[in-house]
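Undergrad: Sequence first, predicted coordinates after that:
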Amino acid sequence: MQPYATYEEIRRQPETWRTSLDFMSETKDPILRFIRENQPKSVLFTGCGTSYYLSLTAARFFQVQTGIPAHAVPASEVMLQPSSVIRPHPAPLLIASSRSGETTEVVRAVEEVRRRKLARCLAVTCEPSSRLTEVADFSIPLPHTREKSVVMTGSFTNMLLALQLFAAFLSENQNVLEDMQKLPRLGQKQLLTAEEQARQTALDESRNHLIYLGLGEYYGLACEAMLKMKEMTQLFCEAYNPLEFRHGPISVLNEDCRVFLLSGRTSREYDADLIPDLRKQGSDVKVVGEPTDSLDPGQRVDLPPGLEDGCRSILYLPFFQFLAYYQTLQLKLNPDQPRNLGQVVRLGKKGE
């Protein structure tokens, strides 16, 4: 049995996904009533760190599902320059995510937007009694995803799942809703394989430069996978759009690099052309996505097939979270207490 909270919080995710699905189903009517009362013509997603990266993925998914323009920016930009990222007309909606609900930039961003009457605000958090829920117009609380560890794991996947369900409710896309109902079962089935593949990958310490590639909805996931490894191990990690990686950053590749390519149906044709280029300089490449016969088993991390790209999003995370966890153990570090980090980032008072 692993002694760390981080491990248990990764392992329990499929169970918490089921709870989130049930909660969102019960809360569907109030959520839709809030949206219909406000009729947003655009949506801005925001957060900090992990919550910003889930906002990137959620914004892409939301726009694809609903057709409503959506994008994501860090909460600090909303806090300090709200008029540069939000236009009050046509009617916008701000969706702010924070595990603790106390992150200074997120809370102040919502406060500033409401003070200027730029947008209505919806909050997603694991803490129902937080400051964020107080200042937002509507909140989606997920207390069953509270975490003891510093790094966010299950809170990321559950907040993302809640936002994806929110988009699917609005679009009334039954295929997406049916796919999402499968996620707890598929995640539980995949968990042991993901853990063992992550553990085996972490045993190879010859690669100390890690690169994560993801396109569209998967770019935010690539950034989050990168952040988990960087937070927990302090190894050199980067994240890019896979095709953009060819435009300059590919020059860093050598035998010290390991590249993780988050592959989806949208990019599969281009991924096949990219993989040989990534390997030319001796880099190790692992493709994470639906099974494919074109790669050896040791070169891929298989995810359950048959889901739409966006619906599969949270299934990518357990492998990367386990990878960061086991890499941390290899380095004899404490995964629950990364260096220089705490659970909540609080800034000083305004003007200080």
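TA: Structure's in. What do you need?

Undergrad: where do the strands sit along this protein?
TA: Along the chain, counting by DSSP state E, strands occupy 42-47, 70-74, 92-98, 120-125, 138-141, 209-213, 236-240, 257-262, 284-289, 300-302.

Undergrad: for the last one, packing partners?
TA: Using 3 or more CB pairs under 8 Å, 6 or more residues apart in numbering; DSSP states H and E as the contact criterion, the secondary-structure elements in contact with strand 300-302 are helix 183-203, strand 284-289. C-betas here are computed from N, CA, C, even on glycine.

Undergrad: Mind checking the ones you listed for the one nearest to residue 56?
TA: For the helices and strands packed on strand 300-302, the distance to residue 56 is smallest for strand 284-289, at 17.6 Å, taking CB to CB.

Undergrad: can you list contacts of the closest one?
TA: Strand 284-289 is contacted from outside by 201, 204, 207, 257-264, 268, 271, 275, 278-279, 295, 299-303, 316, 319-320, using CB atoms under 8 Å, 6 or more residues apart in numbering.

Undergrad: Filter these down to the buried ones, ChimeraX style.
TA: In ChimeraX syntax, the buried subset of these is picked out as below (16 or more other CB atoms under 10 Å):
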select :201,207,257,258,259,260,261,262,263,264,271,275,278,295,300,301,302,303,316,319,320
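
Undergrad: Residue 197: neighbour count?
TA: 20 (other CB atoms under 10 Å).

Undergrad: go on, the one 3 residues further on?
TA: Counted with other CB under 10 Å, the burial measure for residue 200 works out to 12 neighbours.

Undergrad: swap in residue 185?
TA: Neighbours of residue 185 using other CB under 10 Å come to 13.

Undergrad: cool, and residue 290?
TA: Residue 290: 18 surrounding residues under other CB under 10 Å.

Undergrad: my read: it touches residue 305, true?
TA: Yes. Shown here, residue 290 and residue 305 form a contact pair, counting by CB atoms under 8 Å, at 4.6 Å.

Undergrad: who's in contact with residue 328?
TA: Taking CB under 8 Å, 6+ apart, one finds 232, 233, 334, 335 in contact with residue 328.

Undergrad: Contacts only, for the last one.
TA: For residue 335, the contacting residues are 4, 6, 7, 149, 151, 232, 324, 325, 328, 329, by CB under 8 Å, 6+ apart.

Undergrad: Surely the fourth one is in contact with residue 5?
TA: Yes. Between residue 149 and residue 5 there is a contact at 4.5 Å, judged by CB under 8 Å.

Undergrad: who does the helix or strand of the chain with the lowest mean pLDDT touch, helix- and strand-wise?
TA: Every helix and strand of the chain was ranked by mean pLDDT, DSSP states H and E. The lowest is helix 268-279, at a mean of 86. Using 3+ CB pairs under 8 Å, 6+ apart, the elements in contact with helix 268-279 are strand 257-262, strand 284-289.

Undergrad: mean confidence for the last one?
TA: Right, strand 284-289. For strand 284-289, mean pLDDT rounds to 92.

Undergrad: Note down every partner strand of that strand and its orientation.
TA: Here strand 284-289 has these sheet partners by DSSP bridges: strand 257-262 (parallel), strand 300-302 (parallel).

Undergrad: Please read off the pLDDT at residue 297 from the model.
TA: At residue 297, pLDDT is 67.

Undergrad: List the buried residues in the longest helix belonging to the chain.
TA: As assigned by DSSP state H, the longest helix anywhere in the chain is helix 13-38. For helix 13-38, a neighbour-count test (16+ other CB under 10 Å) marks 13-14, 16-18, 20-21, 23-24, 27, 31, 35, 38 as buried.

Undergrad: before we move on, what about stretch 291-311?
TA: Residues of stretch 291-311 classed as buried by neighbour count (16+ other CB under 10 Å): 295, 300, 301, 302, 303, 304, 307, 308, 309, 310, 311.

Undergrad: Please produce TSV containing these, extended by distance to residue 215.
TA: As requested, the buried residues of stretch 291-311 are exported to TSV (distance: CB to CB, whole Å):
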residue	distance to residue 215
295	18
300	17
301	17
302	19
303	16
304	20
307	17
308	15
309	10
310	12
311	16
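
Undergrad: Show me which of those residues is closest to residue 88.
TA: Closest to residue 88 out of the buried residues of stretch 291-311 is residue 310 (29.3 Å), distances taken as CB to CB.

Undergrad: what stretches of the protein score poorly on pLDDT?
TA: 1, 297, 340-352 (pLDDT under 70).

Undergrad: Where do the domain boundaries of this protein fall?
TA: Under the assignment automatic domain parsing, the domains of the chain span 5-181, 183-330.

Undergrad: Please dump those domains into a markdown table; it should also carry distance to residue 339 for every row.
TA: Converted to a markdown table, the domains of the chain look like this (distance: least, CB to CB, whole Å):
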| stretch | distance to residue 339 |
| --- | --- |
| domain 5-181 | 10 |
| domain 183-330 | 6 |
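
Undergrad: who touches residue 63 in this structure?
TA: So residue 63 contacts 43, 69, 70, 71 (CB under 8 Å, 6+ apart).

Undergrad: quick one: which of those residues is nearest residue 173?
TA: residue 70 (15.4 Å).

Undergrad: For the closest one, list the residues it contacts.
TA: Applying CB under 8 Å, 6+ apart, the residues near residue 70 are 42, 43, 44, 45, 59, 60, 62, 63.
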